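Enquirer: After the sequence you'll find the predicted model.
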Amino acid sequence: MHYPAFDSFLSWEDYLTLDQSGELRHEYYDGEIIALAGATNRHNEIVTNLTVAFKPRATKQGCKFYSESVKLFRHRSDRYLYPDGMLTCNPLDQQSKNGVRSPLLLVEVISKSSIQYDFGFKLKAYMAIPSLKHYLVVYQEECMVHHFARNQDDSWTFTLHADMNQSLTIEELDAEISLAAIYQGIEFGPEITYAEEEAARYQAEVESE
């Protein structure tokens, strides 16, 4: 996901109308809307792996795991976000058709261009959610996951995972999620940009003439 920019100011009513009627997703921050760019193939693969890893464990505990297109309503504020992954065990969330309000776990799959947004604004916004127990920041350019876990006194513990043999422990699900599962099928290294793809296509056409 590319680093998003604040685009314009809207009332929250107008934002909801825009978000429900358009094909593009927009996040909303106290009146300012943020257009979300399309994801890379690698980003999509990692989100799929996270869904495969979390969904059966969530279901076993009577919870639900959502990915990318489900909205998070920020507690007591006009802020609406789209996490890459979201797990909730709240009965009201599971009955809702319009989004989640009380997540237990949130996940963001980040790139170099989005790191400031995910570690700045989103980190602060997510940690202010009373129900949140875990925030996972998953890197897509390398094997690395940052795990923020809430303690009983509302302080947070940070754990860095950077080895395929390591696992994340989510006590509420009685589960361990391995980094090998999160990064299954992922090949690290620079991805081909759109410009490079076009240049390669043009060169192939020239050579075929």
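Expert: Thanks, I have the structure now. The structure presented is a predicted model; accordingly, all values stated were derived computationally and were not measured. Residues are numbered from 1 along each chain as shown.
Enquirer: When you work out contacts or count neighbours from here on, use the C-alpha atoms and nothing else.
Expert: OK.
Enquirer: element containing E45, please.
Expert: helix 41-60 (DSSP states H and E).
Enquirer: Just list what that helix packs against, helices and strands only.
Expert: strand 64-67, strand 85-88, strand 105-110, strand 175-178, helix 179-182 (3 or more C-alpha pairs under 8 Å, 6 or more residues apart in numbering; DSSP states H and E).
Enquirer: rerun that using 7 Å as the cut-off
Expert: In terms of contacts (3 or more C-alpha pairs under 7 Å, 6 or more residues apart in numbering; DSSP states H and E), helix 41-60 is packed against strand 64-67, helix 179-182.
Enquirer: so what strands line up beside the first one?
Expert: In its sheet, strand 64-67 lies beside strand 85-88 (antiparallel), with partners assigned from DSSP bridges.
Enquirer: which residues touch the partner strand?
Expert: 63-68, 102-108 (C-alpha atoms under 7 Å, 6 or more residues apart in numbering).
Enquirer: out of those residues, who has the most neighbours?
Expert: The most neighbours of any of the contacts of strand 85-88, using other C-alpha atoms under 10 Å, belong to E108, which has 27 neighbours.
Enquirer: OK, contacts around that one?
Expert: Counting by C-alpha under 7 Å, 6+ apart, E108 has contacts P83, D84, G85, L136, V137, V138.
Enquirer: Name the nearest of the residues you listed relative to T59.
Expert: G85 (14.9 Å; C-alpha to C-alpha).
Enquirer: So what pairs up with that closest one in the strands?
Expert: What pairs with G85, by the bridge criterion (DSSP bridges), is S67, V107.
Enquirer: Begin at 51 from now on, thanks
Expert: Got it, the first residue is 51 from now on, which makes the last one we talked about G135.
Enquirer: circling back to that earlier point, dump the helix holding E95 to CSV, keeping only the CA atoms.
Expert: The C-alpha trace of helix 91-110 is given here as CSV (Å, rounded to 0.1, in the frame of the first residue of the first chain):
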residue,chain,number,x,y,z
ASN,A,91,0.8,-8.6,-5.2
ARG,A,92,3.0,-9.4,-2.2
HIS,A,93,0.8,-7.3,0.1
ASN,A,94,-2.2,-9.3,-1.1
GLU,A,95,-0.5,-12.6,-0.6
ILE,A,96,0.5,-11.8,3.0
VAL,A,97,-3.0,-10.6,3.8
THR,A,98,-4.4,-13.9,2.4
ASN,A,99,-1.9,-15.9,4.5
LEU,A,100,-3.0,-14.0,7.6
THR,A,101,-6.6,-14.8,6.9
VAL,A,102,-5.8,-18.5,6.4
ALA,A,103,-3.8,-18.5,9.6
PHE,A,104,-6.3,-16.5,11.8
LYS,A,105,-9.7,-17.4,10.5
PRO,A,106,-10.0,-21.0,11.7
ARG,A,107,-8.5,-20.2,15.1
ALA,A,108,-10.9,-17.2,15.4
THR,A,109,-13.9,-19.4,14.4
LYS,A,110,-12.9,-22.0,17.0
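Enquirer: May I see the buried residues of it?
Expert: Along helix 91-110, these residues count as buried under the neighbour rule (16 or more other C-alpha atoms under 10 Å): 92-101, 103-105, 107-108.
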